[in-house]
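Enquirer: Structure of the sequence below:
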Amino acid sequence: MFIGGLLYISSRSESLTMFRWFAIVGLGDEVTAFRILSRPYLSLLPLWIQFSLPQALWYFSGLLSFECIWGATPGERWHRRAWLTIFSGLALGMELGQYLRWIPGRFDIVDLTLLVVAWSAAAAISSIDHRRATERLSLEA
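Expert: Below is the predicted model of the structure:
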């Protein structure tokens, strides 16, 4: 999430609300300095890293956060499924809503593709984690 945030801060328009928030909390000068320092390096990055990867990283970190909160508690699996469904619905729904023009913004197939890749990576990590937890419980029994 941190890397996605840095990419977002360095490459997005200063007209976004978050830049006003940075100024309100006294970080406006630091954010401006970071944007100036990062500007030469942005031209080295492909556009998909600047504009699509931050959203995918946000989604990936959110999925893993829910996994950390509810993943290992067998009695709480329905909480995990509910939150993952809501969170995924929001992330994927925002992009699909842009495609259908229900939500302002520009639909981008790269954004949608990276969201699916993020989901796949989180699912793979979750699967490995659950397998290890099951093996540990088997050894303890």
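Enquirer: Domains in this structure, by residue range?
Expert: 2-45, 51-140 (automatic domain parsing).
Enquirer: for the ones you listed, which one ends up most surrounded?
Expert: Neighbour counts (mean count of other C-beta atoms under 10 Å) averaged over each of the domains of the chain peak at domain 51-140, with a mean of 15. For the C-beta atoms, the positions are set from N, CA and C on the backbone; glycine is no exception.
Enquirer: residue ranges with poor pLDDT in the chain?
Expert: Regions of the chain meeting the criterion pLDDT under 70 cover residues 71-76, 129-141.
Enquirer: quick one: the helices in it?
Expert: Using DSSP state H, the helices of the chain run over 2-11, 17-24, 28-42, 47-51, 53-70, 77-99, 109-140.
Enquirer: Just give me how far the shortest one sits from the chain centre.
Expert: With C-alpha atoms, centre = their mean, to the nearest Å as the basis, the distance from the averaged C-alpha position of helix 47-51 to the chain average is 14 Å.
Enquirer: do the fifth one as well
Expert: Between the centre of helix 53-70 and the centre of its host chain there is 5 Å, according to C-alpha atoms, centre = their mean.
Enquirer: which helices and strands does it pack with?
Expert: In terms of contacts (3 or more C-beta pairs under 8 Å, 6 or more residues apart in numbering; DSSP states H and E), helix 53-70 is packed against helix 2-11, helix 77-99, helix 109-140.
Enquirer: of all those, which lies closest to Ile49?
Expert: Proximity to Ile49 (C-beta to C-beta) singles out helix 2-11 among the helices and strands packed on helix 53-70, at 7.0 Å.
Enquirer: Helix 17-24 and that closest one, what's the angle between them?
Expert: In terms of direction (axes from the mean of the first three to the mean of the last three C-alpha atoms, to 10 degrees), helix 2-11 departs from helix 17-24 by 90 degrees.
Enquirer: how distant is helix 2-11 from the center of its chain?
Expert: The mean C-alpha position of helix 2-11 is separated from the chain mean by 11 Å, C-alpha atoms, centre = their mean.
Enquirer: One more: stretch 34-42?
Expert: With C-alpha atoms, centre = their mean, you get 22 Å for stretch 34-42.
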